[in-house]
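# Take this sequence and fold it.
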Amino acid sequence: MARILLIEDSPTDTAVLTQLLERNGHQVLTSGSAEDGIAVAQRELPDLVIMDVVLPGMNGFQATRALSRDAATSAIPVLIVSTKSMDTDKAWGMRQGARDYIVKPPSEAELIARINAVLGH
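Numbers count the residues shown, from 1 in each chain. Take a look at the predicted model:
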């Protein structure tokens with residue numbers, strides 16, 4: 001299906017989301033920080049980035065903004081998956097360039113449906 005870059009600092013969330021994505025036919029690349037994730041996105045040019053917000057160093061909002069403003073990565077859709085659930089968080093994430101925003105923990109059906117919608121499948 002798709003090559004998805006997962007930018008997530010929690011080893012547990014990384015493992016759970018990777019298993020879920022792979023079970024649904026996706027190839028998963030992972031990164032534990034925003035800075036490293038941006039470098040991986042520039043190097044690998046995945047089909048989609050799934051971005052956590054609460055990350056060490058640069059946060060997911062800043063990383064989403066960086067990816068959406070970089071000519072090399074601006075066409076890669078970013079799907080934010082975060083525990084930050086306030087409407088202001090969602091609105092801010094979308095303003096930074098995210099295509100969609102899901103609150104953790106997403107159901108498998110919801111996450112796959114939103115990925116398919118963002119990728120146009």
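# Might you report the residue contacts of the residue nearest to the spatial centre of the chain?
Taking C-alpha atoms, centre = their mean as the criterion, I50 is the residue nearest the geometric centre of the chain, at 1.3 Å. I50 makes contacts with I4, L5, L6, I7, E8, L17, V78, L79, I80, V81, I115, as judged by C-beta atoms under 8 Å, 6 or more residues apart in numbering. C-beta here means a position set from N, CA and C on the backbone, and glycine is covered the same way.
# and L29, that one's in a strand?
Yes - assigned with DSSP: H, G, I helix; E, B strand; the rest coil, L29 falls within a strand.
# Next, work out how far apart it and T83 are.
According to C-beta to C-beta, to the nearest Å, L29 and T83 sit 22 Å apart.
# Comparing these two, which residue is more hemmed in?
Between L29 and T83, counted using other C-beta atoms under 10 Å, the more crowded position is L29 (17 against 13).
# State the distance from the more buried one to R43.
10 Å.
# now D52
Taken as C-beta to C-beta, the span from D52 to R43 is 20 Å.
# Who has more neighbours out of those two?
Neighbour comparison, D52 and R43: the larger count goes to D52, with 26 against 10 (by other C-beta under 10 Å).
# just checking, the more buried one touches T14?
No - applying C-beta atoms under 8 Å, one finds D52 not in contact with T14, separated by 9.2 Å.
# list residues touching both of these two?
In contact with both D52 and T14: E8, using C-beta under 8 Å, 6+ apart.
# That's all I had, so thanks and see you.
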